[in-house]
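Participant: Provide a 3D model corresponding to the input given below.
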Amino acid sequence: MHVLMVNNIYPPIMAGGAELMVAELSEELVRRGHFVTVVSTCGPEMEPCAPATQNGVEVIRFFPRNVYWNFARAGQPRWRRLAWHLRDAWNLDAARRFRAILRAAPVDVVHTHLIDGFSASIWRRARREGVPVVHTAHDYHLLCPRAFLLDRNWRICRDPGLGCRLYRAWHLRTAAELDLFVSPSRFLLDRHRAAGYQPARSAVIRNGIPLPADAAAIRAARPAGGPVRFLLMCRLTVEKGVRVALAAAARMPAEAGFELVIAGRGPLEDEVRQAAAADPRIRFAGYVAGADKTALLAEAHHLLVPSLWYENAPLAVIEAAAYGLGVVASRIGGIPELVREGRTGLLFEPGDAAGLAAAMSGLTDGTIGLADASRDLAGLHSTARMADEYCHQYRAMQTERPARQGGRDAALAA
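Facilitator: Below is the predicted model of the structure:
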């Protein structure tokens, strides 16, 4: 089967967990004998961008004509952001170029993820070409122009303005083009339904990541003595709760035996550096990947996820489970679907630095213990399990809507 996977960016260009999940799913499908083409965006200065092959996946990148590339949106003035959103409501250039890709080789399923920059025009184009469309939502792009459901003061938005309501109405209308709406969490699916979106067909499919083969050895080798090490590994932005973590660390008593390691990059990087310079218990590791990231996970005891926004299904929690870490996280969004209170982690109210500090103190002085139940949690979120569930959905759509003639296969192999 030929699966056309769509995400606005694709490795090695990275911004968050969606790109990692798309890459893992694409490569797993290739390992199973399917043909996968990923369509992604690039900056105008990168064109012409010839198709390439990465780990068996065909990758096609192009710049959907707009006032700027979506990945370069930081620092853009408000009028340019508004102009970008107006163009992105229905990008005809993206539809035209996407049609050419669809017609270049028979496609059996279009599977979209983050389509900011492409717009929903590509859904309409796929439907007109007779190709079923699956969409996996990783955030609230259909409901909010900022995708986080947060207001300008980084609080949960409970009363969207007229512009946001018009944006939501339009995007939910375009979602009628979808054959299947997938959410990695029950929470995100319910939020879309509460906003008025009633998909003809929906499914909850949990994200999956590769689980380390040496997880047991890593758990056994984790140092038992020394300070309790808390790890915060995320984009260094307000909605990720970076300031909440820093405030919690400042509340910890001087004699508390702990270390807070912060890894990542983003607009709050200077604040993190300053906090690390002022408090020897805080260490800034910068952006990490590969072996450096593995080393931090292997050395840590607990992962902090102090998010302020309605997290969908953060991959960081699954990674923590794979490495045997307890999780201390905000009770918000889809996080409680992953963190089992008192077993794999502790939950506190979003933005409550005192509550986070209390949880950290309990873990530091030994008054709170977390059972090692994380292995089972990680096993439920493997790449293989995720691919199994998507293959089942692809197969069902092929049964309901026969693949276009000339497709590479009539149906997915078992």
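Participant: all contacts plus neighbour counts: C-alpha atoms, from now on.
Facilitator: Fine.
Participant: where do the strands sit along this protein?
Facilitator: Assigned strands in the chain, in chain order: 2-6, 35-41, 52-54, 57-62, 109-112, 133-136, 180-183, 202-204, 228-233, 258-263, 282-286, 302-305, 326-330, 345-348 (criterion: DSSP state E).
Participant: Buried ones in the third one, by neighbour count?
Facilitator: Taking 16 or more other C-alpha atoms under 10 Å as the basis for neighbour counts, none of the residues of strand 52-54 comes out buried.
Participant: List the residues that contact Thr383.
Facilitator: Glu24, Leu25, Glu28, Asn207, Gly208, Ile209, Pro210 (C-alpha atoms under 8 Å, 6 or more residues apart in numbering).
Participant: Mind checking which of these are buried?
Facilitator: Using 16+ other C-alpha under 10 Å as the burial test, the contacts of Thr383 include Glu24, Leu25, Glu28, Asn207, Gly208, Ile209, Pro210 as buried.
Participant: Mean pLDDT and distance to Ala276 added to the strands of the chain, as CSV?
Facilitator: Formatted as CSV, those follow (pLDDT from 0 to 100; distance: least, C-alpha to C-alpha, whole Å):
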stretch, mean pLDDT, distance to Ala276
strand 2-6, 97, 39
strand 35-41, 97, 36
strand 52-54, 94, 38
strand 57-62, 97, 39
strand 109-112, 97, 40
strand 133-136, 97, 38
strand 180-183, 96, 37
strand 202-204, 96, 40
strand 228-233, 94, 13
strand 258-263, 96, 9
strand 282-286, 96, 5
strand 302-305, 94, 17
strand 326-330, 92, 21
strand 345-348, 92, 24
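Participant: Averaged pLDDT, the longest helix along the chain. What do you get?
Facilitator: Assignment by DSSP state H gives helix 383-400 as the longest helix of the chain. For helix 383-400, mean pLDDT rounds to 91.
Participant: now the angle from that helix to strand 2-6?
Facilitator: With axes from the mean of the first three to the mean of the last three C-alpha atoms, to 10 degrees defining the directions, helix 383-400 sits at 110 degrees from strand 2-6.
Participant: ok so, going back, adding distance to Arg395, write the strands of the chain out as TSV.
Facilitator: Shown next, in TSV, are the strands of the chain (distance: least, C-alpha to C-alpha, whole Å):
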stretch	distance to Arg395
strand 2-6	12
strand 35-41	15
strand 52-54	25
strand 57-62	20
strand 109-112	10
strand 133-136	12
strand 180-183	12
strand 202-204	14
strand 228-233	37
strand 258-263	40
strand 282-286	43
strand 302-305	36
strand 326-330	36
strand 345-348	37
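Participant: Give me the neighbour count for the nearest residue to Arg206 once chain neighbours are set aside.
Facilitator: Excluding its sequence neighbours, the residue lying closest to Arg206 (C-alpha to C-alpha, 6 or more residues apart in numbering) is Pro184, at 4.4 Å. Counted with other C-alpha atoms under 10 Å, residues neighbouring Pro184 total 22.
Participant: quick one, what contacts Pro184?
Facilitator: Pro184 neighbours (C-alpha under 8 Å, 6+ apart): Thr136, Ala137, His138, Val204, Ile205, Arg206, Asn207, Asn312, Ala313.
Participant: Now for the nearest residue to the last one once chain neighbours are set aside, how many residues are close by?
Facilitator: So the one you mean is Ala313. Among residues not flanking Ala313 along the chain, Gly334 sits closest, at 5.6 Å (C-alpha to C-alpha, 6+ apart). Residue crowding around Gly334 was assessed by other C-alpha under 10 Å; the count is 19.
Participant: Now do Gly334 against Cys234, distance only.
Facilitator: 17 Å (C-alpha to C-alpha, to the nearest Å).
Participant: With pLDDT and distance to Ala329 added, can I get the buried ones among the contacts of Thr383 in JSON lines?
Facilitator: Shown next, in JSON lines, are the buried ones among the contacts of Thr383 (pLDDT from 0 to 100; distance: C-alpha to C-alpha, whole Å):
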{"residue": "Glu24", "pLDDT": "94", "distance to Ala329": "25"}
{"residue": "Leu25", "pLDDT": "96", "distance to Ala329": "26"}
{"residue": "Glu28", "pLDDT": "96", "distance to Ala329": "30"}
{"residue": "Asn207", "pLDDT": "92", "distance to Ala329": "18"}
{"residue": "Gly208", "pLDDT": "88", "distance to Ala329": "20"}
{"residue": "Ile209", "pLDDT": "83", "distance to Ala329": "20"}
{"residue": "Pro210", "pLDDT": "81", "distance to Ala329": "22"}
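Participant: And these, which two are furthest apart?
Facilitator: The span of these, defined through C-alpha to C-alpha, is set by Glu28 and Asn207 at 13.1 Å.
Participant: Now do the same contact list for Ala248.
Facilitator: Ala248 neighbours (C-alpha under 8 Å, 6+ apart): Ala353, Ala354, Leu356, Ala357.
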